[in-house]
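Colleague: A predicted structure for the sequence below; I have some questions about it.
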Amino acid sequence: MTKENVFGLFPFLAFPVKICTSSPLQFPLLTGEKINKMDSLRVSALALASFLFLSPVVHSWGVDGHLTICRIAQARLSAAAADAVKKLLPESAENDLGSVCSWADHVKFHYRWSPPLHYIDTPDNLCTYQYDRDCKDENGVKDRCVAGAINNYTSQLLSHGNSASQCNPSSHPIYNYNLTEALLFLSHFMGDIHQVWDDNIIETADERFYDSNVDGLVDALQKNITNEWADQVQKWENCGGNKPTCPDIYASEGIKAACDWAYKGVTEDSVLEDDYFLSRLPIVNLRLAQGGVRLAATLNRIFG
Ligand SMILES: [Zn+2]
């Protein structure tokens, strides 16, 4: 458990509210993760070969991908959830969840237990995901993957409204959660679990179709959610039973999309160009929309 105050080391993220001294996850310290950002969409198949589903060597959706998912989600919140999110967000965010959706990436190297929570490392050549088999870190510690993290931070946020959860030093430590951080982690990880590619496809789409303005992408996806995908939205939101969230479903879809699309038709020496971009962009758009809809559905179930 770390007692350090992350905001002291990251003054640009100076959230002046709701800081508890306890770590939200009591994991041991780990070494930093490897990040390998590809320079452009023209990546060789050799590079793609190391492109495992949600692997630690893959850069995230990027700021625009996470911002898009959080903007879509915030616009779909119930009144109660919107109010709770507004109160939990740091003042500096000015009630814009999207603006702090990449916070979890910025604190990876300070919260050194957190990098394994950004991905799931599924076995090579297997296009399936199983929580019990796959949700662990490189040391084999169970629950330390993005699906486990979504369950964990959802559980923490479900304690919202419980006075024992409000950073009360006299409360039982298990309830002494920092719900602001829990919200930011959950919002980010809901993006990560829907990730199939890194941010190159999103950045290229932004440049080509939206004048490099991510608001254009958000608007386009919101229109698709209410039109083209309207009959699918309820299915995306539904977890079955009374579950507040269902990361195993999201992860299973992700590994299938990676196998069906990310690697499909790619050989070792091929160079990925426009055909690849144009055929994969619809999948990226779909995953961004699903991430936003599901983050909203989860927060609506959490906050009522
Ligand atoms: Zn991440």
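Modeller: Cool, the structure landed.

Colleague: now the helices for the stretch 101-250 of the chain?
Modeller: 103-106, 131-134, 146-158, 179-192, 200-209, 214-226, 230-237, 247-257 (DSSP state H, counting those that start in this stretch).

Colleague: could you give the angle of the third one to helix 179-192?
Modeller: Between the axis of helix 146-158 and that of helix 179-192 there is an angle of 150 degrees, by axes from the mean of the first three to the mean of the last three CA atoms, to 10 degrees.

Colleague: Just the buried residues of helix 146-158, please?
Modeller: By neighbour count on 16 or more other CB atoms under 10 Å, the buried set for helix 146-158 is 146-154, 156-157. To be clear about C-beta, it is placed using only N, CA and C from the backbone, and glycine gets the same treatment.

Colleague: Show me what that helix is in contact with.
Modeller: 24-25, 54, 117-120, 131, 135, 142-143, 165, 177, 179, 182-183, 185-186, 189-190, 192-193, 244-245, 247-248, 250-251, 298-299, 302-303 (CB atoms under 8 Å, 6 or more residues apart in numbering).

Colleague: among those, which are within reach of the ion?
Modeller: 118, 192 (CB under 5 Å from the ion).

Colleague: Show me which of the contacts of helix 146-158 are buried.
Modeller: By 16+ other CB under 10 Å, the contacts of helix 146-158 give 24-25, 54, 117-120, 131, 135, 143, 165, 177, 179, 182-183, 185-186, 189-190, 192-193, 244-245, 247-248, 250-251, 298-299, 302-303 as buried.

Colleague: burial of the residue lying closest to L183 once chain neighbours are set aside, as a residue count?
Modeller: Once flanking residues are discounted, L183 sits nearest to L88: 4.8 Å by CB to CB, 6 or more residues apart in numbering. Neighbourhood size, L88 [other CB atoms under 10 Å]: 21.

Colleague: Got phi/psi on L88?
Modeller: phi -80, psi -30 (degrees, to the nearest 10).

Colleague: Now do the contacts for it.
Modeller: Contacts of L88 by CB under 8 Å, 6+ apart are 18, 160, 179-180, 183.

Colleague: Quick one: the helices of the stretch 101-250 of the chain as TSV, columns for mean pLDDT too.
Modeller: Putting the helices of the stretch 101-250 of the chain into TSV (pLDDT from 0 to 100) gives the following:
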stretch	mean pLDDT
helix 103-106	95
helix 131-134	96
helix 146-158	96
helix 179-192	97
helix 200-209	83
helix 214-226	95
helix 230-237	97
helix 247-257	93
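
Colleague: By residue count, which helix of the protein is the longest?
Modeller: Ranked by residue count under DSSP state H, the longest helix found in the chain is helix 274-303.

Colleague: which parts of it are buried?
Modeller: 276-277, 280-281, 283-303.

Colleague: can you check stretch 207-219 too?
Modeller: Buried, per 16+ other CB under 10 Å, within stretch 207-219: 210, 214, 217-218.

Colleague: Distance of the nearest residue to I225 once chain neighbours are set aside relative to the ion?
Modeller: Nearest in space to I225, with sequence neighbours left out and distances taken as CB to CB, 6+ apart, is A289 at 5.5 Å. Note on A289: its distance to the ion, by CB to the ion, to the nearest Å, is 19 Å.

Colleague: Distance check, A289 against V63.
Modeller: Between A289 and V63 the distance is 18 Å, computed by CB to CB, to the nearest Å.
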